[in-house]
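>>> mind looking at a prediction? Sequence and model below.
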Amino acid sequence: MDDLVKATGVSRHGIYTTFGGKKALFLVCFDRYQDSVVTPAFKVVEAPGADLRSVAKYFELQISRCEAVGLPGPGCFVANSATEAAPADADVMLQVQRHNDRLRRGFRAALRSSIPSLGKARATRLAEVMLIFTNGLWTLSRSVSDARVLRRATRDFLDLLEGRTT
C-alpha cells in the first residue's frame, strides 16, 4: 500500500474508499493481471487450431517476461495468490479456479489438435498435468537466475507430451 500511496499521491484512505477496501482492490488487481498479462500471452493457445507449438510460444513469451523483470522474479500473480491468499479466501479461490479452468480448456484443445489420437478424457487429464507444470514453472521462476533452466524444463516437458524422450 505504501508503494501505491507514493506512486499515486492518493492517501491510503482514498485508495480504500475508491475500491471499497483492500480485498476489493486485490480482486481488481487480479482482473487487471488477467487482462494485461494472461490474455496477451495465452491468446496464442486459445486461438483456433492452436497446438503444442502454440503452447511452446506461450511459455516462451512468459519466460521472456520473467527475463525482462529479472530472475529470480516475482513469479505469477495467480500462482502466488493460489498458495498465499486463496486457501483462506473464497473470492480469491474463485478467481484462481476461473484462471485454472481457462488454462485447462486451452491446453486440452491444443493437445487434441496436436495429438488427434488422444481421447477427450485423456486430453483432459493431460491438460491438468500441463496446468500443474505451468504453476510449478512460475514458482520455479522465483528461485532461478537463469532463464535457460525454465526453457529447458519447458522443452523437456513438451517433448514428453509428444512422446519424444531423447
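Okay, I see it.
>>> C-alpha from now on. contacts and neighbour counts both.
OK.
>>> do a quick rundown of the helices in this protein.
Using DSSP state H, the helices found in the chain span residues 2-8, 12-19, 22-33, 39-46, 52-69, 77-84, 90-114, 120-140, 147-161.
>>> which residues touch the fifth one?
By Cα atoms under 8 Å, 6 or more residues apart in numbering, the list of residues contacting helix 52-69 from outside reads 41-42, 44-45, 73, 75, 107, 110-111, 114, 141, 147, 150-151, 154-155, 158.
>>> quick one: that helix to chain centroid distance?
Distance of helix 52-69 from its chain centroid, counting by Cα atoms, centre = their mean, to the nearest Å, is 11 Å.
>>> buried subset of the contacts of helix 52-69?
41-42, 44-45, 73, 75, 107, 110-111, 114, 141, 147, 150-151, 154, 158 (16 or more other Cα atoms under 10 Å).
>>> determine which two of the residues you listed are furthest apart.
Gly73 and Ser114 (31.5 Å; Cα to Cα).
>>> shaky segments in the chain?
165-166 (pLDDT under 70).
>>> rerun that using 80 as the cut-off
Counting by pLDDT under 80, the chain has low-confidence residues at 1, 4-5, 15, 164-166.
>>> list the contacts for Ala88?
Neighbour list for Ala88: empty [criterion: Cα under 8 Å, 6+ apart].
>>> quick thing: my sequence starts at 539, can you match it?
In the new numbering, first residue 539, that becomes Ala626.
>>> who's in contact with stretch 646-662?
Val583, Gly587, Ala588, Asp589, Leu590, Ser592, Val593, Arg642, Leu664, Ala665, Glu700.
>>> of the residues you listed, grab the buried ones for PyMOL.
Applying 16+ other Cα under 10 Å to the contacts of stretch 646-662, the buried members can be selected in PyMOL as follows:
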select buried, resi 583+588+589+590+592+593+642+664+665
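>>> could you dump the contacts of stretch 646-662 to a markdown table with distance to Leu599?
Formatted as a markdown table, these follow (distance: Cα to Cα, whole Å):
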| residue | distance to Leu599 |
| --- | --- |
| Val583 | 12 |
| Gly587 | 19 |
| Ala588 | 15 |
| Asp589 | 16 |
| Leu590 | 14 |
| Ser592 | 11 |
| Val593 | 10 |
| Arg642 | 18 |
| Leu664 | 22 |
| Ala665 | 19 |
| Glu700 | 21 |
